[in-house]
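Peer 1: Next comes the sequence, and after it the predicted model I'd like to discuss.
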Amino acid sequence: MSETSAPAQRGGRLSRTARRAQLLLAARDVFAAHGYHAAAMDDIAERAGVSKPVLYQHFPGKLELYRALLTTYADELVTRVEQAIGTTTDNQERVHGAVSAYFDFVAGEGQAYRLVFESDLRSEPEAAAVVDGALTRCIDSIADAVTTDAGLDAARARMLAVGLVGLSQVAARYWLDSDQAVPRDEAVALMSSLAWRGLAGFPLVQS
């Protein structure tokens, strides 16, 4: 769901799956621009080019729509991280891939990252659970893959994974908010080098 949404023609017949995707794109734009509390279902229906009854056929309320959208993008982030570290067995490349995945996510169209990292609905338990679950899955993947050969027990390996996720998330958001003053590839290289210099200091387990 990286494409930019635009108001659709009213009356167009789409499959249920296609209509749902269209509505989620419209909701992404409205929620990212206004936040959950200020966004209105009227605005989302107008953005999607559908009537409110059509919108309510797919999502019974604003909270259900927001949860669906949040889940979609939280899953996207996890998938990016898992794919990045799953394409190589080289730990240095895994670190670079994990950092790069966060930069790619925050640079995606529609400011979807704001829905995950800056939601004004974090106090709602189910929304918070979606975000916290995504964070845990990213940490789990990195702990399993990057620190497998670091010679550490599970608790210490997990601490390293938490540090890498925190570094990647904060650095990527800062990079975006600073108008990308440092070129993207250079910024990723800087942060992955910082992380790797720490991780590389741990002795590998001898096979």
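Peer 2: Structure received.

Peer 1: which secondary structure element contains residue 105?
Peer 2: Secondary-structure assignment from DSSP states H and E places residue 105 in helix 91-106.

Peer 1: quick one: that helix to chain centroid distance?
Peer 2: In terms of Cα atoms, centre = their mean, to the nearest Å, the centre of helix 91-106 is set 13 Å apart from its chain centre.

Peer 1: Show me what it is packed against.
Peer 2: Using 3 or more Cβ pairs under 8 Å, 6 or more residues apart in numbering; DSSP states H and E as the contact criterion, the elements in contact with helix 91-106 are helix 62-86, helix 112-117, helix 125-146, helix 154-177, helix 184-199. Yep, even glycine has a C-beta here, placed from its N, CA and C like the rest.

Peer 1: okay if I get the ones you listed as a markdown table plus distance to residue 25, mean pLDDT and mean neighbour count?
Peer 2: A markdown table is the format used below for the helices and strands packed on helix 91-106 (distance: least, Cβ to Cβ, whole Å; pLDDT from 0 to 100; neighbours: other Cβ atoms under 10 Å):
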| stretch | distance to residue 25 | mean pLDDT | mean neighbour count |
| --- | --- | --- | --- |
| helix 62-86 | 9 | 94 | 19 |
| helix 112-117 | 10 | 88 | 22 |
| helix 125-146 | 19 | 90 | 18 |
| helix 154-177 | 20 | 92 | 18 |
| helix 184-199 | 24 | 92 | 17 |
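
Peer 1: right, and those - which one's nearest residue 50?
Peer 2: When those are ranked by distance to residue 50, counting by Cβ to Cβ, first place goes to helix 62-86 at 12.7 Å.

Peer 1: show me what contacts the residue sitting nearest the centre point of the chain?
Peer 2: In the chain, the residue lying closest to the centroid (Cα atoms, centre = their mean) is residue 77, at 3.4 Å. For residue 77, the set of contacting residues under the criterion of Cβ atoms under 8 Å, 6 or more residues apart in numbering consists of 101, 102, 105, 113, 116, 134, 138.
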